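Asker: Kindly return the folded structure for what I paste below:
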Amino acid sequence: MNAIKYGIITILLLVFFTGCALKRGEVSLHQEVNTSEVETKQSKTIFIKSINDNRVFEFQPKSANIPSLKEGEDDSDEIKARAVARKRNSYGKALGDIILKEGQTVRSVFETNLKIAFEELGYNLIEDEATINDKTMIVILDIEKFWTWITPGFWALTISTQVETKLHLKREADSNSETIAFITKDYFQTGVGGNWVSVMQSALRNHVIEIKKKVNNVK
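Answerer: As a prediction, this is how the structure comes out:
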């Protein structure tokens, strides 16, 4: 009887700390321009040539920061494109996952991220490649890592988002490739969806800041 009670208590605690961790969660990420950071628009132009989601997923990875999908979905391109997190219990066992709501992908999230960074830098976005000129900055972004995970603690849990991208910039005869890599984290009492979103959006804002630094370095 005591064992049964202990098991029930453990499950209740798990659900409390991870926010219905056994289910798949769907979230939307919202980003917007920081109007206080916008530079005066000039004649500078940018063309986003491509954004590539190069993340590698594993089944039953050794560490929580490695993207993973449940068995049977590890070859689903549609789910991979939207997968952003996996929930785990205090023993590291994979439970439910978190994906972006339909209509949003990791690639589209980072496309918005790029546009915000360059808008704040005062660049004009060119949509039609046929209209670019020699001074247009051509941008390619490779997404190597974008993943969020939970680390349970005694008094609070930690939600962390790891970002790693390769930013390729080309203008006239010059070209640069810059790696942006960091981890953003925060501490919470529960793992409800809003807390995961908060950390991911903070990480995306940090990515905007890093993009702007890299671009300014090649001016």
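
Asker: Let me see the backbone angles for the residue nearest the centre of the chain.
Answerer: Nearest to the geometric centre of the chain sits residue 146, at 4.1 Å (C-alpha atoms, centre = their mean). Backbone dihedrals for residue 146, given as degrees, to the nearest 10, come out at phi -150, psi 100.

Asker: thought it was touching residue 181?
Answerer: No. Under the criterion of C-beta atoms under 8 Å, residue 146 makes no contact with residue 181, lying 11.2 Å away. For the C-beta atoms, the positions are set from N, CA and C on the backbone; glycine is no exception.

Asker: Mutual contacts of the two, please.
Answerer: Contact criterion C-beta atoms under 8 Å, 6 or more residues apart in numbering; residues bridging residue 146 and residue 181 by contacting each: 163, 164.

Asker: Please name the bridge partners of residue 180.
Answerer: On the basis of DSSP bridges, residue 180 takes part in beta bridges with residue 165.

Asker: And for it, the neighbour number?
Answerer: Here the neighbour count serves as a burial measure; for residue 180 (other C-beta atoms under 10 Å) it reads 18.

Asker: what does residue 121 give?
Answerer: Around residue 121 sit 21 other residues, with neighbours defined as other C-beta under 10 Å.

Asker: Quick check: the gap between it and residue 42.
Answerer: Counting by C-beta to C-beta, to the nearest Å, the separation of residue 121 from residue 42 is 10 Å.

Asker: Which strand residues bridge the residue nearest to the centre of the chain?
Answerer: Note on residue 146: beta-bridge partners residue 163, judged by DSSP bridges.

Asker: Just the pLDDT for it.
Answerer: pLDDT recorded at residue 146 is 98.

Asker: before we move on, what about the one 4 residues further on?
Answerer: Per-residue pLDDT puts residue 150 at 89.

Asker: I'd guess it is in a helix, am I close?
Answerer: No. Per DSSP: H, G, I helix; E, B strand; the rest coil, residue 150 lies outside any helix segment and is strand.

Asker: as a whole number, average confidence for the lengthiest helix in the chain?
Answerer: Of all the elements of type helix in the chain, the one with the most residues (DSSP state H) is helix 193-217. For helix 193-217, mean pLDDT is 95.

Asker: what does that helix contact?
Answerer: With C-beta under 8 Å, 6+ apart as the test, helix 193-217 has contacts from 19, 25, 27-31, 34, 84-85, 98, 109-110, 113-114, 116-118, 120-121, 137, 146, 148, 159-161, 163, 165, 167, 169, 176, 178, 180, 182, 184-186, 188.

Asker: With stretch 171-187 instead?
Answerer: 134-138, 145, 153, 156-170, 195, 198-199, 202-203, 206-207, 210-211, 214, 217-218.

Asker: Mind listing what's buried along that stretch?
Answerer: For stretch 171-187, burial by neighbour count (16 or more other C-beta atoms under 10 Å) applies to 171, 178, 180, 184.

Asker: Between these, which sits nearest residue 59?
Answerer: Residue 59 has its nearest neighbour among the buried residues of stretch 171-187 in residue 184, at 26.1 Å by C-beta to C-beta.

Asker: ok, for that closest one, nearest residue in space, not its chain neighbours?
Answerer: In space, not counting the residues next to it along the chain, residue 184 is nearest to residue 203; the distance is 3.9 Å by C-beta to C-beta, 6 or more residues apart in numbering.

Asker: Report how many residues lie close to the one you found.
Answerer: Residue 203: 22 surrounding residues under other C-beta under 10 Å.
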